[in-house]
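Student: Next come a sequence and a model predicted from it.
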Amino acid sequence: MNASTIRGSKATTATASLSHRLAERGIDRSLLMLVPALIFILALFIYPFSYGIGLTFQPSAAIQKTWGAGALSNYVAFFKDSFTFDSVWLTMRLALPVAVFNVLASIPVAFKLRQRFRGKKLLTTLVVLPITLGTVLTAQGLLIFAGREGWLNRFLIQIGVVHQPIAFVNNYWGVLISLVISGFPFAFLLISAYLSGIDPSIEAAAKTMGANWSQRFRKVILPLLAPGLATTSILTFVLAFSVFPSARLVGDAMGSTRVMSLMAFRAFGEQNDYPMASTIAVMMGVVELVVVCLILAWRSSMFKGSTGGKG
Amino acid sequence: MAIAAGTFESLELQGVGRSFGGRSALEDLNLTVRAGEFIALLGPSGCGKSTALNCIAGLLPLTHGQILIDGIRVDTVAAEKRGFGMVFQNYALFPHLSVEKNIAFGLQMRGVPRAEVKRRVAEAIALVKLEEHATKLPGQLSGGQQQRVAIARAVVVEPRLVLMDEPLSNLDAKLRLEMRTEIRRLHQSLGLTTLYVTHDQEEALSMADRLVVLREGRVQQVGTPQELHNGPANWHVADFMGYRNLIDLEVTAVDGAAVTVSEKGFTLRGTAAQPVAVGDKVRVAIRPEDLVAVSQVVPVSAGNTTTATVSVVEYHGREFAVGVTTPTGRSLFVRSDHAPVVGSVIELTADPERVLVFQADLVDASKLSAQERELAEVRR
């Protein structure tokens, strides 16, 4: 018996409870329990976020003086000031390769660790362990291990591979390595989870049908793994794009690793220009959104259904 | 019919065995399959039948023995080069490919020209009657339709051998009967050679030309359905062949093949299927339909009679399935043409020919190696 028949016939009165009748019209009163959470989101996210966007249209006097008066002055400054605008490219130059590397390198590792062998647990632990290190700890370790006077350079000089210490840190490569160290375990865990969702008998079936390993990977595994790859790429990209501590600690903060978050922090902390800092932050979000949309567009062209696994 | 089976004379399994980390899942499987035969591997779960199938498919490497086709070893050939078709229990269809593309996959991997792929896929789809579903994804099909796709996918490449791993176990009872006929029809019309794994004796008996019964990785009996149905080699095979009444009794008299077995208040005469002696603990196997309640219409058969108390009566259409309890508290399944009163004592009878007496021990101790005998001693 549904709501319309109850209403339609006068002879019968509904005997179902009120909550049951409301549920049939799509009203679930238990959702009221979400109210505190909604208030929380409003107060701590929606309001500050809108406030920040509002700020971007109230440029400071200094910006208006340099880049012309008007509500959009901050955005004009962002695009026209090459020192600021270049940071988009500098951030992208770090985040994209890191995301691509983390995802691509995770696939074979996840494949290998899916099989059963002795020492699998130990190996998995070693691969995942760096996730427990904070970015600051990783950066500190890198500085000590790979710095000019670090163990690695001294070792390389002593065995005669190089004569001058190699600059591993305080530049682009330092940040890249640190991002890989913190991002790889993350990508690996995600991809393993997606891979375990693909029924192994599907691959076995492809095998009995005459597909060699590269055909199996291209025609069967990759299309099924594509949604997982997209999600993992998005998450590792966003993680790397918002890089801040390692860009500062193991990077070249005012040069090759002048990433957007550093620029926002500079506007906020050093120049006390809240509106400009907000503008950079908003633009950071916009750039991330563009990349995320591109990845999602690729994903939507692939198979979206269940992969038939038990995992 | 354009789709035909790949040709060969015989497939030979010689001492095939597989162990996992020291525990053997399959031991010493010897079997010669002639082209066009339908062989069922039958056994309870964990008996090694799926292991055997995976070994033949090449998905698991052998640890012992070899597999030969017309005298040429194939167990060293990679799975993707064996040219066998396989149907999996969970169908294992490619969820991202349409029915057509699923079926075309094997042909494409073999580098068959596009026009021929199209023609053969269309034929295979017609064969399993899925024409109107050709462009659907597997997720949009019912279980039976998915199973049809899996079968079409396995036979379209004209394999030398089709391996089926419990293909019907995920289907409901009605569909299972339909698909059983369908598989048998395909097997006969295409002249396929089929190895079929199942735990359902009825399925195996109705479909296969020959059956292989496995238990704990060892072959118990190989034979035609009739041979296994009427003359099981041991009580385990009997158990699988529908001898629901397995009774542990003691031999009180032996006269040639005629044996008298009994325990307190319960005596039957039967036929020895394995050599037994007076005083032996034996296991007696009787089908429910061979152990019947005596009535006006059903006389006592050859003076072979005993009594039991009725505990359950079920109506089965033409007859009644009755559960009875012997004086020692054993539950037996019998048939009756009338409905006896629950709690009453009835007289049972069975043709001594149909009461099979087996040794209670499954393994023939004389066939074991010294080491295995020692192990058995320790276990006791």
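Tutor: Arrived safely, thanks for sending.

Student: Could you use CA atoms for every contact and neighbour count after this?
Tutor: Noted.

Student: Low-confidence bits of chain B, can you list those?
Tutor: Applying pLDDT under 70 to chain B picks out residues B:1-6, B:363-380.

Student: residue contacts, the residue of the stretch 201-311 of chain A found nearest chain B?
Tutor: Residue of the stretch 201-311 of chain A nearest chain B, by Cα to the nearest Cα: A:G210 (3.9 Å). By Cα atoms under 8 Å, 6 or more residues apart in numbering or on different chains, the contact list for A:G210 reads B:A79, B:E80, B:K81, B:R82, B:G83, B:G106, B:M109, B:R110.

Student: Need phi/psi at the closest residue to it other than its chain neighbours.
Tutor: Leaving aside its sequence neighbours, A:G210 sits nearest to B:E80 (Cα to Cα, 6 or more residues apart in numbering or on different chains; 3.9 Å). In terms of degrees, to the nearest 10, the main-chain angles of B:E80 are phi -70, psi -10.

Student: mind listing what B:E80 touches?
Tutor: Per Cα under 8 Å, 6+ apart, neighbours of B:E80: A:K207, A:T208, A:M209, A:G210, A:A211, A:N212.

Student: A:F268 now?
Tutor: Going by Cα under 8 Å, 6+ apart, A:F268 touches A:Y274, A:M276, A:A277.

Student: do the same with B:A152
Tutor: When contacts are counted by Cα under 8 Å, 6+ apart, B:A152 touches B:I103, B:A124, B:I125, B:L127, B:V128.

Student: That one: helix or strand, and which one exactly?
Tutor: Using DSSP states H and E, B:A152 maps to helix B:143-155.

Student: following that helix, which helix or strand comes up?
Tutor: Per DSSP H and E, the first helix or strand lying C-terminal to helix B:143-155 is strand B:161-165.

Student: Please state the offset of that following strand from the chain centre?
Tutor: 14 Å (Cα atoms, centre = their mean, to the nearest Å).

Student: just checking, what packs against the helix or strand just after that strand?
Tutor: Next helix or strand after strand B:161-165 toward the C-terminus (DSSP H and E): helix B:173-190. Helices and strands touching helix B:173-190, by 3 or more Cα pairs under 8 Å, 6 or more residues apart in numbering or on different chains; DSSP states H and E, are helix B:201-207.

Student: looking at the contacts of B:A152, which has the most residues close by?
Tutor: Neighbour counts for those (other Cα atoms under 10 Å in any protein chain shown) peak at B:I103, which has 31 neighbours.

Student: what about B:A321, distance to chain A?
Tutor: 40 Å (Cα to the nearest Cα, to the nearest Å).

Student: SS state for that residue?
Tutor: strand (DSSP: H, G, I helix; E, B strand; the rest coil).

Student: what's the burial count for it?
Tutor: Per other Cα under 10 Å, the neighbour tally for B:A321 reads 22.

Student: Which residues of the stretch 1-150 of chain A lie near chain B?
Tutor: Taking Cα under 8 Å from any Cα of the partner chain, no part of the stretch 1-150 of chain A reaches chain B.

Student: Just the helices from the stretch 1-150 of chain A, written as ranges.
Tutor: Here the stretch 1-150 of chain A has its helices, by DSSP state H, counting those that start in this stretch, at A:3-8, A:18-24, A:35-41, A:47-56, A:61-67, A:73-80, A:82-112, A:120-128, A:135-146.

Student: which one of those helices has the lowest average pLDDT?
Tutor: Ranked by mean pLDDT, these bottom out at helix A:3-8, with a mean of 48.
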